[in-house]
Every structure is written in structure tokens, then in C-alpha cells.
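S.K.: Give me a model of this one.
(one chain, ligands or ions: 1)
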Amino acid sequence: MPHDTQVSYYEELLEKHGDKSPLSLDWKSAESQTLRFQILEQLFSIAGKGRGFSILDIGCGLGDFFGFLKKRGFRFSYTGYDISERMVAAARRKHPEAKFEVADILESHIPQRSDFVFCSGAFNLRFMDEEEHLEKVKAILLRMYELSKIGVGANFLSRGALRETGSGNYHYFKPEDLVKYCRSFCSRFMLRHDYHPADFTLFLLR
Ligand SMILES: C[S@@+](CC[C@H](N)C(=O)[O-])C[C@H]1O[C@@H](n2cnc3c(N)ncnc32)[C@H](O)[C@@H]1O
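M.R.: As a prediction, this is how the structure comes out:
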């Protein structure tokens, strides 16, 4: 089952590197992880909402996006979802003031919509064939959009970029494919492909 393989993959990394290291989330460095958060954070100003909002974080891992936003001084309520029970347990220990649940966005009932729905890094690794992965990610994007009241922010590895690296398990997306798909249900969007040669972020606005 791709699901189990994915959970074991991340839980083995967590076992090896501990709950303070971005390596547990398959980020190459803390800088790599933070760069994605810095871009995602810009959605608040793009949407013109600077405080007092609700956030849903899909594939939250250790809740590091919550920690990042808190340090940046934002006031918000936060719920993080992850398919790994161990990740969620570690995230709860690290950030007792936030809410974390074990859930797959496509399979679980998510009880309420939030102002912003984010996903950072959870689409980078593929545990099924390419076509299936692309279809699953599209379905997740649509679900994220349905669950958002103001907007969605998500990042992806970029195909054809100069520095395509990795073991073969990484999935590189064509930005134009995702833009084309998202335009079928969303007419206000932004594509950021300027902060890293092999990564891009999509913002979808309601
Ligand atoms: C690369 S890590 C990123 C964690 C976090 N977003 C960060 O940037 O620190 C990806 C996480 O997404 C989780 N994940 C992958 N697919 C998921 C899904 N469909 N629903 C919920 N979590 C998922 C994995 O278990 C893993 O913890």
C-alpha cells in the first residue's frame, strides 16, 4: 500500500534524525524548509489578511510551519493534519498550543473550512506511479480549495529545472499542468517560480 510505505518512510526518518531536524521531513536543510515557509507566508498579505485567521496545514509533519508563523508574530488558530501518527504525536509534544490530527485529506472527514489551507513539501515524494501521483495531487488541491475560505498555498518540485536531483522517488511537476488544472475551478491564482530553480508555489484565491 502506498499509504503505509509513505508513513514508514517518514517515520524512519523521524526515528533517525529526531523531532528537531528538518531531515526528518526529507528537507535537505533548515534553510530549504524555511524558504518555502517564507513564500507561503506571503499569501496573507496577497489576500490582505494580516491577523486573526484560521489555518489548516496539510502534511504538517512536526508542525514546523506553526512554529515559524508564531515566531513571525502572527495571531491565528491552526490545525495540522498528517497521515503519520508518530509525526502527529511529536508535533503535539513540540507545540501543545496547536491542534494536530492524524488524517489523510482525501480519505478523512475534515470538520470545518479554514481561512487558509497550506501544504508544504508533501507532494515532493511519490509512492505510486507518476500518473497516479499527479491525479492524487490534483484531487488534494481541489479539496484544499474547497476547504479554504480565503486561499490556498502549496509548493511543488519543478520539472525541467536546472537542478533536478534525487533518487527517482521525487516527483517533478510541470507548473503549466497544475496551472491549467487549477484554472478549471479557480479564476484568481498566482504562480511563484522565482525563489528557487527547482521549486514553485501556487496560490489559489477564492
Ligand atoms: C516533506 S514533509 C513536510 C512537513 C511539513 N509540511 C514541513 O514542511 O515541515 C511531508 C509530510 O506530509 C505528510 N503527508 C503526505 N501525504 C499526506 C496526505 N495525503 N495527508 C496528510 N499528510 C500527508 C507526510 O507524512 C509528511 O509528514
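S.K.: quick one: the helices in this structure?
M.R.: If DSSP state H is used as the criterion, the helices of the chain fall at 2-17, 30-46, 64-71, 85-94, 130-147, 175-182.
S.K.: What lies in contact with the longest one?
M.R.: Meaning helix 130-147. 56, 58, 105-106, 110, 113-114, 117, 119, 123, 126-128, 152, 154, 156, 171, 173, 177-178, 181-182, 185-186, 202, 204, 206 (C-beta atoms under 8 Å, 6 or more residues apart in numbering). The way it works is simple: take the backbone N, C-alpha and C, and place the C-beta from them, glycine included.
S.K.: Next, the angle helix 2-17 makes with it.
M.R.: Angle of helix 130-147 versus helix 2-17, following axes from the mean of the first three to the mean of the last three C-alpha atoms, to 10 degrees, is 80 degrees.
S.K.: What would helix 130-147 look like as CSV? C-alpha coordinates only.
M.R.: Below are the C-alpha coordinates for helix 130-147, written out as CSV (Å, rounded to 0.1, in the frame of the first residue of the first chain):
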residue,chain,number,x,y,z
GLU,A,130,3.7,9.2,-12.0
GLU,A,131,0.2,9.4,-13.5
GLU,A,132,-1.5,8.2,-10.2
HIS,A,133,0.6,10.7,-8.2
LEU,A,134,-0.4,13.6,-10.4
GLU,A,135,-4.1,12.7,-10.2
LYS,A,136,-3.9,12.4,-6.4
VAL,A,137,-2.2,15.7,-6.1
LYS,A,138,-4.8,17.4,-8.3
ALA,A,139,-7.6,15.9,-6.2
ILE,A,140,-5.9,17.1,-3.0
LEU,A,141,-5.6,20.7,-4.5
LEU,A,142,-9.3,20.7,-5.3
ARG,A,143,-10.1,19.5,-1.8
MET,A,144,-7.8,22.2,-0.3
TYR,A,145,-9.6,24.8,-2.3
GLU,A,146,-13.0,23.6,-1.1
LEU,A,147,-11.8,23.7,2.5
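S.K.: ok and that helix relative to helix 175-182, angle-wise?
M.R.: 50 degrees.
S.K.: From residue 80, how far out is the nearest residue to residue 32 once chain neighbours are set aside?
M.R.: Nearest non-adjacent residue to residue 32, counting by C-beta to C-beta, 6 or more residues apart in numbering: residue 22, 7.1 Å away. With the distance defined as C-beta to C-beta, to the nearest Å, residue 22 ends up 16 Å from residue 80.
S.K.: So between those two, which is more surrounded?
M.R.: Using other C-beta atoms under 10 Å, the more surrounded residue of residue 22 and residue 80 is residue 80, with 27 against 19.
S.K.: Next one: residue 156 from the ligand, what distance?
M.R.: Here the distance between residue 156 and the ligand works out to 12 Å (C-beta to the nearest ligand atom, to the nearest Å).
S.K.: My read is that that residue contacts residue 199, right?
M.R.: Yes: using C-beta atoms under 8 Å, residue 156 is in contact with residue 199, at 7.0 Å.
S.K.: can you pull up the bridge partners for the residue nearest the centre of the chain?
M.R.: Centroid check for the chain by C-alpha atoms, centre = their mean gives residue 119 as the closest residue, at 1.8 Å. Following DSSP bridges, residue 119 is listed with bridge partners residue 154.
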